[in-house]
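S.K.: I need the structure of the sequence given here:
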Amino acid sequence: MTSTSRRPGRAWIITPGLHGDRFAGAQQSGAAVAVVDIEDSVAPADKRTARTASEAFFTLPDPLCTLGIRMNSLTTLDGIKDLAALSDYTARPDLIVLPKVESARDIELVAAALDTDHYTPDIWALIESPRAFTTLPAIMRAPRLGGVIFGSADYAASVRCGLGWEALHYARSALINAATAANLPAIDAPTWNLDDPDILRRDAERARELGFYGKGCVHPRHVQVINDVFTPTAEEITQARAIVAAADASGGTVTSVDGQMRGTPFFNRARALVAEADRTS
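M.R.: So this is what the prediction gives:
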């Protein structure tokens, strides 16, 4: 399997590597990306078992989504063991989620260990430490980097701040800016409150407004809300088509649409939305 270098889906679900009974549910949840986790959700004593058990995640028939694995950090012995195990998997992940990334070298090491003539998985960086934010431009230049994911829990623990939106607004904005400059998609962290759909929807709406391409989750019932929020509405697509038509009619000069002044930035954004809508229709 080779990397397609395509934009990922909007909802990402992550499921523990020790719970094989949840594998099928994650893949059938409606999320576009399902990731099996052998890092934070697995105790140190169980890493070896999870590493072996997680191969079954990639052998289920007819997966409905892109499949990935979150390995352990390369700064740990378990991370090195993960790479060795992944290179021997018969069924392999479409993408690798690499935690604690702080340099482009981290991405290069994973690629060097796993890439073959017939297999080049997408490699995604979890950005979750203050040090990572000081080296974002260099990380984004890693040739094999497919995108970035915000690790809110680890980041908040490192800087000893809250998990609320305001406390993490700077980090999210910095990540979006760096990812956009590198033309890479960014995925927001999960909402940790499992039982309040209103909080989830509010968080997803904020993430979309800020520029995130999608959002992670840890429970299947979160998937539909994320998909709803990040999928452009029919009204938004209709409005974008009207802006594109106005741009064409004006020859690309400043014009008005429904009483609103519109110029090049609006034209470009509308064309991108229309292109995505046509591609996914």
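
S.K.: so where do the helices sit in this protein?
M.R.: Secondary structure of the chain, counting by DSSP state H: helices at 23-27, 47-53, 77-88, 104-114, 130-134, 136-140, 152-159, 169-181, 197-210, 223-230, 234-250, 264-280.

S.K.: Turn those into JSON lines, including mean neighbour count, distance to residue 69 and mean pLDDT.
M.R.: Where C-beta positions appear, they are placed from N, C-alpha and C, glycine not excepted. Output for these, formatted as JSON lines (neighbours: other CB atoms under 10 Å; distance: least, CB to CB, whole Å; pLDDT from 0 to 100):
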{"stretch": "helix 23-27", "mean neighbour count": "20", "distance to residue 69": "12", "mean pLDDT": "96"}
{"stretch": "helix 47-53", "mean neighbour count": "18", "distance to residue 69": "10", "mean pLDDT": "97"}
{"stretch": "helix 77-88", "mean neighbour count": "16", "distance to residue 69": "7", "mean pLDDT": "97"}
{"stretch": "helix 104-114", "mean neighbour count": "18", "distance to residue 69": "11", "mean pLDDT": "97"}
{"stretch": "helix 130-134", "mean neighbour count": "15", "distance to residue 69": "20", "mean pLDDT": "97"}
{"stretch": "helix 136-140", "mean neighbour count": "18", "distance to residue 69": "20", "mean pLDDT": "97"}
{"stretch": "helix 152-159", "mean neighbour count": "17", "distance to residue 69": "18", "mean pLDDT": "97"}
{"stretch": "helix 169-181", "mean neighbour count": "17", "distance to residue 69": "22", "mean pLDDT": "97"}
{"stretch": "helix 197-210", "mean neighbour count": "17", "distance to residue 69": "23", "mean pLDDT": "96"}
{"stretch": "helix 223-230", "mean neighbour count": "20", "distance to residue 69": "19", "mean pLDDT": "95"}
{"stretch": "helix 234-250", "mean neighbour count": "15", "distance to residue 69": "34", "mean pLDDT": "74"}
{"stretch": "helix 264-280", "mean neighbour count": "14", "distance to residue 69": "26", "mean pLDDT": "71"}
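
S.K.: quick one: which of these is nearest residue 38?
M.R.: helix 47-53 (4.4 Å; CB to CB).

S.K.: Tell me the spacing between the residue nearest to residue 13 when sequence neighbours are not counted and residue 41.
M.R.: Spatial nearest neighbour of residue 13, excluding adjacent residues (CB to CB, 6 or more residues apart in numbering): residue 31 at 4.0 Å. To residue 41, residue 31 is 16 Å away according to CB to CB, to the nearest Å.

S.K.: rewinding a little: pretty sure the residue nearest to residue 13 contacts residue 15?
M.R.: No: contact criterion CB atoms under 8 Å: residue 31 and residue 15 do not qualify, at 9.9 Å.
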